[in-house]
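> need the 3D shape of this:
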Amino acid sequence: MIDPVRPDLSIVIIEWNTVDMLRDCLASIYENTGGLALQVIVVDNASEDGSPEMVEREFPQVEQIRNTDNRGFAAANNQGFEIARGRHVLLLNSDTYVLGDVLAASVRYLDAHPRVGAMGCRVLNPDRTMQATCSMWPRNLDLLFMASGLWKLRRPRYFGRYLMTDWQ
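Sure, this is the predicted structure:
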């Protein structure tokens, strides 16, 4: 049974001086909730561009932690984790747009696979092509392929091993 007090998903966003990107990010979240009960947490690392005030003015439903100094990404995430109440937690960068049903689909997947402890979403470029977000451990040969541009060649696939260019 789903707890009516506990959100389906807590979204933790760390931000520092990204007012316009953060506005777009938050708008995309609320435009694509997929019917989920959400808790959105913004941890501001002492922005000076009006980001905290924008959040308070335009997204009053967001829970915001306003740091007086830049504590860094990891410490700020820990602050968000401390107040997260969701059944699942999503770390989201402030330069991210949420598209379509991805939040609800992710929660459905995690609910259906209780042994999954963590997952990542596909990251897309603005033109909706896939953005590489992973790589292998580099070898000297991989560094040569990167420096020479050979990694861009589709064949042989060996050239793209480091950036995993054939992985979807």
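> how close does Phe159 sit to Ala147?
Separation of Phe159 from Ala147 (CB to CB, to the nearest Å): 12 Å. For the C-beta atoms, the positions are set from N, CA and C on the backbone; glycine is no exception.
> between these two, point out the one with more neighbours.
More neighbours surround Phe159 than the other of Phe159 and Ala147, with 21 against 9 (other CB atoms under 10 Å).
> hang on, isn't the more buried one packed against Leu144?
No - checked against CB atoms under 8 Å, the pair Phe159 and Leu144 is beyond contact range at 9.9 Å.
> how long is stretch 123-141 from one end to the other?
With CA to CA, to the nearest Å applied, stretch 123-141 spans 27 Å between its terminal residues.
> mean confidence (pLDDT) on that stretch, please.
For stretch 123-141, mean pLDDT rounds to 81.
> check stretch 149-167 too.
Computed over stretch 149-167, the average pLDDT equals 79.
> same deal with stretch 18-28?
So the average pLDDT for stretch 18-28 ends up being 97.
> mind listing what's buried in that stretch?
By neighbour count with 16 or more other CB atoms under 10 Å, stretch 18-28 contains the buried residues 18-19, 21-23, 25-26.
> among those residues, which one lies nearest to Arg6?
Leu26 (21.5 Å; CB to CB).
> now do the contacts for the residue nearest to the spatial centre of the chain.
In the chain, the residue lying closest to the centroid (CA atoms, centre = their mean) is Leu92, at 2.6 Å. By CB atoms under 8 Å, 6 or more residues apart in numbering, the residues touching Leu92 are 11-13, 25, 29, 98.
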